[in-house]
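Student: I would like the atomic coordinates for the input below:
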Amino acid sequence: MTHTPVPGERVAGYDVSDRLDTDYYGVFDDIPDADRAVWQRAKGFIDEVLPRMDALWDRAEYDVSLARRMGELDLFVDGIEHEGLGYSSPLAAGLVNMEISRGDGSLGTIVAVQGGLALRSLALFGSAAQKSRWLGPIARGDVLAAFALTEPDHGSDSVSLETEARREGDEWVLNGAKKWIGNGSSGGLTVVWARVDHEGDADHGAVRAFLVPQETPGYDGKPILGKASLRAIHQAHITLTDVRLPADAVLPGSHTFKDASTVLYATRSGVAWSALGHATACYEAALAYAQQRVQFGKPLAKFQMVQERLTQMLDELTAMQLYCRHLADLETGGVLRPTQASLAKYHNTRAARRIAAVARDLLGGNGILLENRVMQHMADIEAIHTYEGTESIQALLIGRDITGMSAFV
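Tutor: Below you'll find the predicted structure:
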């Protein structure tokens, strides 16, 4: 609809969602063609679905067809090789995380859960039969998958998880609760981490992973309502009441909480990339707005204070890009250490928060409108700042590494 200017409203709105491909240092100029092709698929997907996301986010609706579409585009492969699946390098997987999150944080969380957590758990610790049955359907998005580690009483101290698995004849019986589980109420498959409670079992007291189809009797997953962040994906509060599973439901390669940590360390890299995507969206929205918005007779971009703020944001954004690019190079070379991933997550989620706050301020009152993108990204950044290990937990992991002394209680 054409807008007819009237006194006091010569501009009806601002176009701030276009991709500007900000890369001031040319960090991504030399990426291989194969990685660029994967990145381009992610860009195409965002261009395809972004017009729908504001309404879904506003209504807190999860359109599972979006997950299946990402599977069709082979966007869930996670930077490691899986037999029978396509391959994306760590750099390509990072670029996917970045680009999808630049579009929408709920979509970015789908990638993190489906590929980074569930698919990777199965690939690392599953049996040949489990991989043959589930890897393909999860990678294609035919089966929505969840990773259930966090509990209502155990978030940062997830190592103390209490969900238990006991043996009864040829079955496992699971009891417990999980919270904040993406895809945990979507009718698919959940990787549940539980503590073995069976005297005489070699793994008694240890943490293992179990494949739980969500239609299994005793499994009850309910979407968590009232979220102010990641509103277009359902995250579940799960109760497990005498959930009976066959003996082969356990992932045979999982024998300790360190196995769960191995998955989390890998996905912390993904969170660093995701934070970069959110920050890019905020910076580019602020830059576009400053060039279009006229106040006191000239565009905001002509004011010294505004140029200084844009420069501050670009400064932090470029540092985030450098972190992520080197992180991918370390992972490709097989030399990435867990605390290096923690440092990237620690830096990038903090920087993303700062960029979002400056962008929100620069847009003034228009900054709170979903159509201008910044407020939605600002809210979603709050979630990624917390999940996969809070700021404090990352600091303690890094502090223990650099001092050789643990400050964990």
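Student: can you list the residues that contact stretch 280-292?
Tutor: Residues external to stretch 280-292 that are found in contact with it (CB atoms under 8 Å, 6 or more residues apart in numbering): 11, 14-20, 22, 98, 101-103, 299-301, 306, 309-310, 313-314, 317, 352, 355-356, 358-360, 362-363, 366, 372-374, 377-378. The way it works is simple: take the backbone N, C-alpha and C, and place the C-beta from them, glycine included.
Student: again, only using 7 Å
Tutor: Stretch 280-292 is contacted from outside by 14-16, 18, 20, 22, 102, 299-301, 306, 310, 313-314, 317, 355-356, 359, 362-363, 372-374, 377, using CB atoms under 7 Å, 6 or more residues apart in numbering.
Student: domain assignment for this protein?
Tutor: If you go by automatic domain parsing, the domain ranges for the chain are 33-144, 146-255, 258-403.
Student: of all the ones you listed, which one comes closest to Val27?
Tutor: Val27 lies closest to domain 258-403 among those, at 4.4 Å (CB to CB).
Student: pLDDT of the closest one, averaged?
Tutor: The average of the pLDDT scores along domain 258-403 is 95.
Student: what is the end-to-end distance of that domain?
Tutor: Its first and final residues considered, domain 258-403 spans 21 Å by CA to CA, to the nearest Å.
Student: ok, stretch 4-18 next?
Tutor: For stretch 4-18, the separation between the terminal residues is 24 Å (CA to CA).
Student: the stretch 201-350 of the chain: strands as residue ranges?
Tutor: Counting by DSSP state E, counting those that start in this stretch, the stretch 201-350 of the chain forms strands over residues 207-213, 219-223, 235-246, 294-295, 298-299, given from the N-terminal end onward.
Student: looking at the ones you listed, which is buried most?
Tutor: The highest mean neighbour count among these, using mean count of other CB atoms under 10 Å, belongs to strand 207-213: a mean of 23.
Student: for that strand, C-alpha coordinates in PDB please.
Tutor: As requested, the backbone C-alpha atoms of strand 207-213 are provided in PDB (Å, rounded to 0.1, in the frame of the first residue of the first chain):
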ATOM      1  CA  VAL A 207      25.300 -40.600  33.600                       C
ATOM      2  CA  ARG A 208      24.200 -42.200  30.300                       C
ATOM      3  CA  ALA A 209      22.100 -41.100  27.400                       C
ATOM      4  CA  PHE A 210      18.800 -42.800  26.300                       C
ATOM      5  CA  LEU A 211      16.700 -42.500  23.200                       C
ATOM      6  CA  VAL A 212      13.100 -41.900  24.100                       C
ATOM      7  CA  PRO A 213      10.400 -41.600  21.500                       C
END
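Student: tell me the gap between that strand and the middle of its chain.
Tutor: Centroid separation for strand 207-213 versus its chain: 21 Å, with CA atoms, centre = their mean, to the nearest Å.
Student: now the angle from it to strand 235-246?
Tutor: With axes from the mean of the first three to the mean of the last three CA atoms, to 10 degrees as the basis, strand 207-213 and strand 235-246 are set at 90 degrees to each other.
Student: which residues are contacting strand 207-213?
Tutor: Surrounding strand 207-213, the residues in contact under the criterion CB under 7 Å, 6+ apart are 121, 125, 130, 161, 165, 172, 174, 189-196, 219, 243, 245, 249-251, 254-257, 260.
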